[in-house]
Structures are given as C-alpha cells and as structure tokens.
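Chemist: Here is the input, now give the coordinates:
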Amino acid sequence: MMNYKKILLAAAATLAFGSGAFAAEKLKLGTEGAYPPFNMIDASGQVTGFDVEIGLALCAKMKVECEIVTSDWDGIIPALNAKKFDFLIASMSITPERQQAVDFTDPYYTNKLQFIAAKDADFKTDKDSLKGKVIGAQRATIAGTWLEDNLRDVVDIKLYDTQENAYLDLASGRLDGVLADTFVNWEWLKSDAGKDFEFKGNPVFDNDKIGIAVRKGDPLRERLNAALKEIVADGTYQKINDKYFPFSIY
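Modeler: Below you'll find the predicted structure:
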C-alpha cells in the first residue's frame with residue numbers, strides 16, 4: 001500500500017527547500033582592509049569604509065547575507081578566483097590586464113591620480129623637475145603602473161605592499177613624494193601625519209574607473225549591476241558618499 005504520509009512530507013520538504021525557506025543565500029564580500037577611507041579595520045577590529053558600506057548596501061538590495069573577508073592586495077585577485085570570496089570591492093581600477101582574469105561590474109566611482117609632497121618642498125610635477133626624486137606608490141596599482149610607464153627613466157620608484165606604508169615613508173622623509181588616488185591622498189592629508197603635506201600639480205590621470213570584480217562568467221555581475229542602479233536611484237549611494245566625502249565621487 002502506498003504511504004501517502006511519506007509522500008506528503010517529501011513534497012513539503014521539496015517545496016520548502018525550493019523556496020529558500022530554510023536558509024537565505026550567503027555570499028562573501030572580499031576587500032583589502034588597508035586603504036582608508038575606502039576599506040580599513042577600525043579600532044574595534046571591524047572592517048569598514050566606503051567600499052564595505054557600498055558592498056553591504058548591494059547585498060541588502062540583492063536580499064543576501066554577506067560575510068566580509070579581507071585579503072592582502074597582492075593576492076586579492078587570486079583569492080577571488082580561488083573562491084575565498086564571491087565578489088571583490090576594494091577600490092580596484094578596471095584595466096585590460098585585470099579583465100583577462102576577472103569580470104567587472106559597471107564603475108561605482110571614478111578616481112584620478114595626483115602627487116602629494118611636503119608643503120615646503122620645491123616639487124613640480126613636470127618630468128624635468130621630477131628627475132632624481134624618490135617617489136612612492138602602492139604595488140600593483142594604477143599609480144604604481146603609471147610611474148613605471150611614464151617616469152621610470154627619471155625617478156627612483158619605491159613600491160609598497162600597502163598605501164599606509166608609503167605614507168609612513170613619506171612622513172619620515174624617505175620619500176620626496178607619493179602618487180596615489182586623489183581621494184585616498186585627500187583622506188591622509190586631513191590626518192595629523194599628513195598635515196605638513198599637500199597636493200602638487202594637477203592630476204596626472206583623471207579617468208580611473210573603479211569596479212567590483214567577480215569571477216569570469218559569473219552571473220553575479222549582473223545582479224550587482226542591477227543593485228548598484230537601485231542604490232544610486234533611491235539615495236542610498238549618496239548617503240554613504242556623504243558620510244565619507246563632502247563631494248560626489250560617483
């Protein structure tokens with residue numbers, strides 16, 4: 001005789017699992033945690049910053065639970081491709097080289113590169129004036145690449161594992177200047193360590209598009225793009241922007 005009770009229980013379980021009743025979708029959000037104000041670890045050990053808050057807002061729109069995972073910058077794309085996290089939001093510039101390894105969403109902000117140096121320094125940014133100077137940048141960034149592509153023959157380039165270490169050497173006098181993202185420099189110049197330094201010259205590159213990286217072919221890219229449009233349209237993006245900057249970076 002057919003056991004109708006077992007059939008009904010099996011059908012109910014199938015429906016429940018199919019509807020997601022027992023567990024919400026969970027994703028891992030990857031970031032660096034050493035690039036204030038975009039991503040950093042605060043005094044309580046929490047990972048925070050503009051990137052992180054935008055990422056969590058996107059998770060909310062996609063109705064998924066997100067866990068934050070940090071990674072050293074040098075290995076952050078390999079970590080994504082090794083599935084240590086599902087998407088990477090760490091102020092990463094969209095470049096042709098990176099697009100060979102990962103897919104990017106639409107840009108979620110636009111950056112530019114600019115030099116900073118001591119306020120009392122004779123620091124002009126034309127190639128002849130920079131000759132012989134020691135300039136720092138973070139390794140594997142647009143700033144580091146720009147220095148190597150454009151000034152390798154005239155300046156002594158020092159590349160660092162984190163942006164914070166580049167600033168430490170600038171503050172201690174081991175560097176004549178630093179080339180970095182304008183918004184990151186802006187944040188450091190407001191600090192006590194940066195109070196005797198300033199921007200020098202005009203931006204050298206002003207169309208740096210910043211995107212969220214996912215593994216090649218991952219449909220999560222389109223979900224993130226849709227969520228990004230939503231947080232821009234409903235004002236969520238602007239609220240997060242205003243928390244960190246007195247101007248729009250979108």
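
Chemist: Show the contacting residues for Leu228.
Modeler: For Leu228, the contacting residues are Leu58, Thr105, Asp106, Tyr108, Ile212, Tyr237, by Cβ atoms under 8 Å, 6 or more residues apart in numbering. Quick note: C-beta positions are derived from backbone N, CA and C, even for glycine.

Chemist: Nearest to Arg139 among those residues?
Modeler: For those, the residue nearest Arg139 by Cβ to Cβ is Ile212; the value is 21.3 Å.

Chemist: Output the contacts of Leu228 in JSON lines, with secondary structure and distance to Trp188 appended to each entry.
Modeler: Compiled in JSON lines, the contacts of Leu228 are given as follows (DSSP: H, G, I helix; E, B strand; the rest coil; distance: Cβ to Cβ, whole Å):
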{"residue": "Leu58", "secondary structure": "helix", "distance to Trp188": "27"}
{"residue": "Thr105", "secondary structure": "coil", "distance to Trp188": "27"}
{"residue": "Asp106", "secondary structure": "coil", "distance to Trp188": "28"}
{"residue": "Tyr108", "secondary structure": "coil", "distance to Trp188": "22"}
{"residue": "Ile212", "secondary structure": "strand", "distance to Trp188": "24"}
{"residue": "Tyr237", "secondary structure": "helix", "distance to Trp188": "24"}
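
Chemist: Narrow these to just the buried residues.
Modeler: The neighbour count (16 or more other Cβ atoms under 10 Å) marks Leu58, Thr105, Tyr108, Ile212, Tyr237 as buried among the contacts of Leu228.

Chemist: tell me which of those residues is nearest to Val154?
Modeler: For the buried ones among the contacts of Leu228, the closest approach to Val154 (Cβ to Cβ) belongs to Tyr108, at 34.4 Å.

Chemist: Could you double-check that the closest one sits in contact with Lys209?
Modeler: No - look at Tyr108 against Lys209 with Cβ atoms under 8 Å: they stay out of range, at 9.2 Å.

Chemist: okay if I get the contacts of Leu228 as TSV plus distance to Glu187?
Modeler: Formatted as TSV, the contacts of Leu228 follow (distance: Cβ to Cβ, whole Å):
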residue	distance to Glu187
Leu58	22
Thr105	24
Asp106	24
Tyr108	18
Ile212	21
Tyr237	19
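
Chemist: Show me the shaky parts of this protein.
Modeler: Applying pLDDT under 70 to the chain picks out residues 1-23.

Chemist: how's this protein carved up into domains?
Modeler: The chain breaks down by automatic domain parsing into domains covering 25-110+209-244, 111-207.

Chemist: Any chance of JSON lines for those, columns distance to Tyr250?
Modeler: Shown next, in JSON lines, are those (distance: least, Cβ to Cβ, whole Å):
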{"stretch": "domain 25-110+209-244", "distance to Tyr250": "6"}
{"stretch": "domain 111-207", "distance to Tyr250": "11"}
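
Chemist: can you give me the helices for the chain?
Modeler: Per DSSP state H, the chain carries helices over the ranges 4-18, 50-62, 76-81, 96-99, 127-130, 142-150, 163-171, 182-189, 220-233, 236-244.

Chemist: got these as TSV, with distance to Asn202 columns?
Modeler: As requested, the helices of the chain are exported to TSV (distance: least, Cβ to Cβ, whole Å):
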stretch	distance to Asn202
helix 4-18	57
helix 50-62	24
helix 76-81	30
helix 96-99	25
helix 127-130	14
helix 142-150	14
helix 163-171	20
helix 182-189	10
helix 220-233	28
helix 236-244	23
